[in-house]
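Novice: Mind folding the following:
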Amino acid sequence: MEVADGIVKVDGTRGGNVYLVVAGSGVVVIDTGIPGNSARILAALDSHGFRTADLRAIVLTHWHPDHVGTAAALRQATGAPVAIGEADAPILAGGDLPAKGRRAMRAVTRLLRVRSLDADIVLRPGDAIEGLEVVGAPGHTAGSIALRHASGVLFTGDAVLGDRHGGLQPPDSRLSLDPDRATASMNKLLGLAPRLILAGHGAPVDHPATRIGA
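Specialist: From the prediction side, this is the model:
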């Protein structure tokens, strides 16, 4: 489903939203959902006129299993590099999980059979990847990032969420490593005045307010 010019939300993915962003003559995937979404992502590429060789990068907004689960399989299928925020890269590679929620997250990771992988590209705030500006958004995880498109579209991962009806939702404090920092990051992202927020969960948020509850 095309949600903006040159931006597609992949239909039917499990675990979280997956987006395709046209980047020059190629395309970027933002987040991958849980394991098992490769066929849908590759079908979406094909239906929009792209080959696997056109995939320039697989960009992950943070390390949680419902965002990185298909990254290893998609890299294997396409050869595209995987990129993630600097502080989350060690966890993606199989390093120690944060103490908060460690037992539950370890169980989910094992249940879903999420594969660890070394990032090909480590992203820092202010970097650019295939025309997308990296915006630091720590709090939900230490290395959470958002990605700002030149058109005013902002991909927020779980730093800002959408509900089913296109309303704004804050990051879940129970699932955030540092809830206060997550709230600060949310307000910073809203302060960028995006014209459209495409979050890791929920429907697109059109012309969002500068603060939740505003």
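
Novice: Spatially nearest residue to Asp180, not counting backbone neighbours?
Specialist: Computed as Cβ to Cβ, 6 or more residues apart in numbering, the closest residue to Asp180 that is not its neighbour in sequence is Gly139, at 7.4 Å. Where C-beta positions appear, they are placed from N, C-alpha and C, glycine not excepted.

Novice: Wait, the one you found touches Leu189, no?
Specialist: No. Gly139 is beyond contact range of Leu189, at 10.7 Å (criterion: Cβ atoms under 8 Å).

Novice: returning to that earlier point: phi, psi for the residue nearest to Asp180 please.
Specialist: Backbone torsions of Gly139, given as degrees, to the nearest 10, read phi 140, psi -60.

Novice: Ala93 too?
Specialist: Phi and psi for Ala93, reported as degrees, to the nearest 10, are phi -80, psi 0.

Novice: same question, Val18
Specialist: When quoted as degrees, to the nearest 10, the phi and psi of Val18 stand at phi -130, psi 130.

Novice: sorry, back to before: what residues are shared contacts of Gly139 and Leu189?
Specialist: Shared contacts of Gly139 and Leu189 (Cβ atoms under 8 Å, 6 or more residues apart in numbering): Ala159.

Novice: Return the set of buried residues in the longest helix along the chain.
Specialist: In the chain, with assignment by DSSP state H, the single longest helix is helix 179-191. Burial within helix 179-191, assessed by neighbour count using 16 or more other Cβ atoms under 10 Å, is assigned to 179, 181-183, 185-186, 188-190.

Novice: do stretch 160-173 as well
Specialist: So, applying 16+ other Cβ under 10 Å, buried residues of stretch 160-173: 160-162, 168-171.

Novice: what about that stretch, start to end distance?
Specialist: Counting by Cα to Cα, to the nearest Å, you get 12 Å between the two ends of stretch 160-173.

Novice: Give me the contacts around that stretch.
Specialist: Applying Cβ under 8 Å, 6+ apart, the contact partners of stretch 160-173 are 139-140, 146, 158-159, 179, 182-183, 186, 189-190, 197, 199-206, 208-209, 212.

Novice: Please apply the same query to stretch 147-156.
Specialist: Here stretch 147-156 makes contact (Cβ under 8 Å, 6+ apart) with 4-7, 19, 21, 30, 59, 61, 129, 131-135, 137, 146, 189, 192-200.

Novice: Now that we have those residues, which of them are buried?
Specialist: Using 16+ other Cβ under 10 Å as the burial test, the contacts of stretch 147-156 include 4, 7, 19, 21, 30, 59, 61, 129, 132-135, 137, 146, 189, 194, 196-200 as buried.

Novice: Flag the shaky bits of this protein, pLDDT-wise.
Specialist: For the chain, the stretches flagged by pLDDT under 70 are 209-214.

Novice: now do 90
Specialist: The model of the chain has pLDDT under 90 over residues 1, 23-25, 164-167, 172, 207-214.

Novice: which residues in it form helices?
Specialist: Using DSSP H, the helices found in the chain span residues 38-47, 65-68, 71-78, 89-92, 102-112, 179-191.

Novice: which of those is buried the deepest?
Specialist: Of all the helices of the chain, helix 65-68 has the most neighbours on average by mean count of other Cβ atoms under 10 Å, namely a mean of 25.

Novice: okay if I get the buried residues of helix 179-191 as CSV plus distance to Ala53?
Specialist: Compiled in CSV, the buried residues of helix 179-191 are given as follows (distance: Cβ to Cβ, whole Å):
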residue, distance to Ala53
Pro179, 42
Arg181, 39
Ala182, 37
Thr183, 41
Ser185, 35
Met186, 37
Lys188, 36
Leu189, 33
Leu190, 37
